[in-house]
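1. got a sequence here, can you model it:
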Amino acid sequence: MTETFDHIVVGGGSSGCVAAARLASEGGARVLLLEAGYSHRHPLLDMPPGIFKLINGSKYMRYHRTTPQPHLDGRVHDIPQGNVLGGGSSVNAQVYIRGRPSDYDQWDEILRGNNDGLGWAWRDMLPHFRGMESNNRLHNDRHGTDGPMLVSDPGHIDDVSRWFVQAVQALGEPFNPDFNGVTQRGVGFYQFMNRGGKRSSAAYAYIAPQKNNPNLTVKLQSPVQKILIEGERAVGVEYKDRDGSTQTVHADGEVIVSAGAIVTPQVLMLSGIGPADHLAEHGIPCIVDHPGVGQNFIDHPEVPMTATANGPYGYFKQGEGWRMLWNGLQFKLFGTGRINTAGVEAGAFVNPDDPEAPPAIQAFCVPMVYRDRDARDIIDEDYGITITTVVIKPKSRGEIRLGSADPADMPLVSPNLLSDPDDMRTMIAGQRFFLRAFEQPPLAKRIDRVINPLTADRSDEAMAAHCKRFVKTNYHPAGSAKMGADGDPMAVLDARMRVRGIDKLRVCDMSAVPNINAGNTNALAMVLGDRCADLVMAD
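-> All right, here's what the predicted structure looks like:
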């Protein structure tokens, strides 16, 4: 007998957890949440710095590989995504950034406030951010203290992070005590989605409190194969259970897709919603010809630069041997020490070309020589500092395509990072600005030498080559099934997050955004789930 629920949520990431929990609790609906990944309950996932032990190889991550990127000399690079309940909020560095008001005012202009006057401007979004938040320091018209998401100052700040903040101030940037406050510009310390040495993921904040709610059913290791459509209405989904058996489940209400900006367009296309010619290539009958599915793919490009230290500063080796035991004992006995940090305490938002203009670059300070899977054969981990620069309003656009009609096959991902010349120019300017930070006291006194960029040549050509070799995802894929105004042929969704042409089908993750916000995306992903729940209950 086929199971039936009021609503089915496809994907238990940041957005899906929020939407499912709210529909089951406040909406009183019978909700099925299907997540392809694993349980979020793991000691290394729980503690703020634990993800650095897992990010380069773990079942809790799904490693998408890009197609060869011609503008990067044919290079292929990773895009890791959470494969776990809570999605990115269970495996990320927990930095709490919303973006800036102009991001959402631009959305509102793009969407033209259509669909019964629904707005997406900052004034419409702020109540969602504020209501979600329980901040341990700030309480004002921008910050709340009663929400389920625990937002905190870093529980430990390394000296390297402090030296970075002081060095950037020496370059003329102001200290900013709140990157989500009146202005984004400046240098300072991030706030994080954790507290007391434990991650506050969407799984913990939203799903865990519903564990005894009979309205919410959560199934893990249950990847959705396709959406079931009858006529012009979504009526259910087909999925694989953890034993590998194919199951079908029906929805009396809505199907809500929140599988992330890479998998959501794949699910839509496998279901017959997408570019007709591309679906025909894979023998998939086209139900709705949506040329925008998989297009407008956006990610924040990140390029690291690294210097070694002249002393044992920072976090190198702090997760090994006796140091690991000491840090664990310090936390266990006193609740203090390095386990209270996500390892990326400090950052900055700057505009290297015009300090008074909106920031164009976000920076993260990692107090060690850090390299990801893509640079293992080039750079050795060591005592030092890594500064990553990120273009926060990129113009480059990529795409998601099907690799085959088999749901088990990975989609083809082409992010086109730094393909737009303006993005490359902005990235080079950001790199040059923060290379100067290595030369400013008090940081300069602790630097041995810069080891990445790999040469001392700072010409445009050399810097562009460096950026092409090391550019990578900032783990913020977005925009691949965007909302848009009526009349936009590339708009997959209307302003109420509904898939155009199919009744009772919505998308509520970062694939829905028309343009990416200026900064980390996880808080926004949860707000999209929150907003979607409101829309479903209202409709």
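2. average pLDDT for stretch 423-432?
-> Per-residue confidence for stretch 423-432 averages out to 98 on the pLDDT scale.
3. cool, stretch 182-202 as well?
-> Rounded to a whole number, the mean pLDDT of stretch 182-202 is 96.
4. and the residue nearest the centre of the chain, how far from residue 341?
-> Among the residues of the chain, the smallest C-alpha distance to the mean C-alpha position (CA atoms, centre = their mean) belongs to residue 476, namely 3.9 Å. When distance is defined by CB to CB, to the nearest Å, residue 476 is 21 Å away from residue 341. Every C-beta, even on glycine, is put in place using the N, C-alpha and C of the backbone.
5. do residue 299 as well
-> For residue 299, the distance to residue 341 equals 26 Å [CB to CB].
6. same deal with residue 33?
-> 31 Å.
7. same check, this time on residue 385
-> Computed as CB to CB, the residue 385 to residue 341 distance reads 15 Å.
8. neighbour count for residue 299 and residue 341, which is higher?
-> Counting neighbours by other CB atoms under 10 Å for residue 299 and for residue 341 shows that residue 299 has the greater number, 27 against 24.
9. so what's the backbone phi/psi at the more buried one?
-> phi -150, psi 150 (degrees, to the nearest 10).
10. now residue 393
-> Comment: the main-chain dihedrals of residue 393 come out as phi -130, psi 70, following degrees, to the nearest 10.
11. these two touch, right, it and residue 423?
-> No: assessed by CB atoms under 8 Å, residue 393 is found out of contact with residue 423, at 9.1 Å.
12. show me what contacts the residue nearest to residue 499 when sequence neighbours are not counted?
-> With sequence-adjacent residues excluded and distances taken as CB to CB, 6 or more residues apart in numbering, residue 499 is closest to residue 505, at 4.4 Å. Shown here is residue 505, whose contacts under the criterion CB atoms under 8 Å, 6 or more residues apart in numbering are 227, 229, 233-234, 254-257, 498-499.
13. can you turn the buried part of those into a ChimeraX selection?
-> Once 16 or more other CB atoms under 10 Å is used to decide burial, the buried members of those can be selected in ChimeraX as follows:
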select :227,229,234,254,255,256,257,498,499
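14. phi first, then psi, for the residue nearest to residue 499.
-> When quoted as degrees, to the nearest 10, the phi and psi of residue 505 stand at phi -140, psi 120.
15. all numbers from here: first residue = 57
-> From this message on, residue numbering opens at 57, which makes the last subject residue 561.
16. quick one: pLDDT of it?
-> 98.
17. got the phi and psi for residue 586?
-> For residue 586, the backbone dihedrals (degrees, to the nearest 10) come out as phi -60, psi -50.
18. now residue 223: which helix or strand?
-> Secondary-structure element containing residue 223, defined by DSSP states H and E: helix 215-226.
19. can I get the helix or strand following that helix as CSV, trimmed to CA atoms?
-> From helix 215-226 onward toward the C-terminus, using DSSP H and E, the following helix or strand is strand 242-245. Extracted C-alpha coordinates of strand 242-245, given in CSV (Å, rounded to 0.1, in the frame of the first residue of the first chain):
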residue,chain,number,x,y,z
GLY,A,242,35.6,46.4,7.6
VAL,A,243,37.5,43.7,9.4
GLY,A,244,36.6,41.8,12.6
PHE,A,245,35.5,38.5,14.0
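20. so how far is strand 242-245 from its chain's centroid?
-> Centre-to-centre, strand 242-245 and its host chain are 21 Å apart (CA atoms, centre = their mean, to the nearest Å).
21. run through the neighbouring helices and strands of it.
-> Contacting strand 242-245 under the criterion 3 or more CB pairs under 8 Å, 6 or more residues apart in numbering; DSSP states H and E are the following elements: helix 215-226, strand 402-406.
22. parallel or antiparallel, which strands does the last one pair with?
-> Sheet pairing of strand 402-406 (DSSP bridges) gives strand 242-245 (antiparallel), strand 417-422 (antiparallel).
23. list the buried residues for stretch 160-171?
-> Neighbour-count burial for stretch 160-171 [16+ other CB under 10 Å]: 160-164, 166-167, 171.
24. so which of the helices and strands packed on strand 242-245 gets nearest residue 503?
-> helix 215-226 (9.4 Å; CB to CB).
25. how much space separates residue 125 from residue 582?
-> Distance of residue 125 to residue 582, computed by CB to CB: 31 Å.
26. neighbours of residue 485, just the number please.
-> By the criterion of other CB under 10 Å, residue 485 has 18 neighbours.
27. that one should be in a helix, yeah?
-> Yes: Residue 485: assigned to a helix according to DSSP: H, G, I helix; E, B strand; the rest coil.
28. quick one: residues contacting it.
-> Applying CB under 8 Å, 6+ apart to residue 485 gives the contacts 408-409, 416-417.
29. are any of those residues buried, and if so which?
-> Burial by neighbour count, judged by 16+ other CB under 10 Å, picks out 408, 416-417 from the contacts of residue 485.
30. which one among the residues you listed gets closest to residue 68?
-> Distances from residue 68 to the buried ones among the contacts of residue 485, taken by CB to CB, are shortest for residue 417, at 33.0 Å.
31. just to revisit the earlier point, which of the contacts of residue 485 fall in strands?
-> Of the contacts of residue 485, the ones assigned to strands by DSSP state E are residue 417.
32. any chance of the contacts of residue 485 in TSV, plus distance to residue 324 and pLDDT?
-> Formatted as TSV, those follow (distance: CB to CB, whole Å; pLDDT from 0 to 100):
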residue	distance to residue 324	pLDDT
408	39	97
409	39	96
416	32	98
417	33	98
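33. lowest-confidence helix or strand of the chain?
-> When the helices and strands of the chain are compared on mean pLDDT, DSSP states H and E, helix 377-390 comes out lowest with a mean of 67.
34. show me where the stretch 57-206 of the chain has its helices.
-> Secondary structure of the stretch 57-206 of the chain by DSSP state H, counting those that start in this stretch: the helices cover 70-81, 99-102, 144-147, 157-167, 178-188.
35. among those, which is nearest residue 327?
-> Proximity of the helices of the stretch 57-206 of the chain to residue 327 was assessed by CB to CB; the nearest stretch is helix 70-81, lying at 17.0 Å.
36. show me what the closest one packs onto, helices and strands only.
-> Under the contact rule (3+ CB pairs under 8 Å, 6+ apart), helix 70-81 is packed against strand 63-66, strand 87-90, helix 144-147, helix 258, strand 272-275, helix 578-594.
37. just the CA trace of stretch 93-105, in CSV.
-> Taking only C-alpha atoms (Å, rounded to 0.1, in the frame of the first residue of the first chain), the coordinates of stretch 93-105 have been written out as CSV:
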residue,chain,number,x,y,z
GLY,A,93,22.5,11.2,3.3
TYR,A,94,23.3,10.1,6.9
SER,A,95,22.4,11.1,10.4
HIS,A,96,24.0,14.3,11.6
ARG,A,97,24.9,12.8,15.0
HIS,A,98,28.6,12.3,15.0
PRO,A,99,31.2,13.8,17.4
LEU,A,100,33.3,15.4,14.7
LEU,A,101,30.3,17.0,13.1
ASP,A,102,29.1,18.3,16.5
MET,A,103,32.2,20.1,17.6
PRO,A,104,32.9,23.3,15.7
PRO,A,105,36.4,22.4,14.3
